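[1] kindly generate the corresponding structure for this input.
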Amino acid sequence: MSDMQFEQDNANEFGAPPTVSSGSGMTNLLIKWGLVSSEQEAQYVLIGVAVVALVLALFFVKSAFF
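    Numbers count the residues shown, from 1 in each chain. Sure, this is the predicted structure:
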């Protein structure tokens with residue numbers, strides 16, 4: 001059993017590490033269109049759009065049932 005040898009090249013044992021994207025598709029799209037200049041501004045804009053959509057949805061649901 002002492003004649004056993006192992007390969008020493010473990011650099012890619014588990015494959016390449018996953019790449020970290022610089023943001024989601026919507027934030028990159030807002031930056032690409034020139035509406036915002038940074039990823040953080042794009043996230044604030046998307047949060048604002050989500051809040052406005054939620055308020056509009058609540059308004060239409062309330063007006064439909066009351």
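
[2] buried ones in the longest helix belonging to the chain?
    Secondary structure of the chain per DSSP state H: the longest helix is helix 39-65. Burial within helix 39-65, assessed by neighbour count using 16 or more other C-beta atoms under 10 Å, is assigned to A42, Q43. The way it works is simple: take the backbone N, C-alpha and C, and place the C-beta from them, glycine included.

[3] who are the packing partners of that helix?
    If you count contacts as 3 or more C-beta pairs under 8 Å, 6 or more residues apart in numbering; DSSP states H and E, helix 39-65 packs onto helix 25-33.

[4] between the helix it packs on and helix 39-65, how many degrees?
    120 degrees (axes from the mean of the first three to the mean of the last three C-alpha atoms, to 10 degrees).

[5] now the residue lying closest to L30 once chain neighbours are set aside: how far from I31?
    Residue nearest to L30 in three dimensions, not counting chain neighbours: A42, with 4.2 Å by C-beta to C-beta, 6 or more residues apart in numbering. Distance of A42 to I31, computed by C-beta to C-beta, to the nearest Å: 6 Å.

[6] quick one: the residue nearest to L30 and G25 touch, right?
    No. Between A42 and G25 there is no contact under C-beta atoms under 8 Å: 10.7 Å.

[7] so what's the residue nearest to L30 up against?
    For A42, the contact set (C-beta atoms under 8 Å, 6 or more residues apart in numbering) comprises G23, M26, T27, N28, L30, I31, L35, V36.
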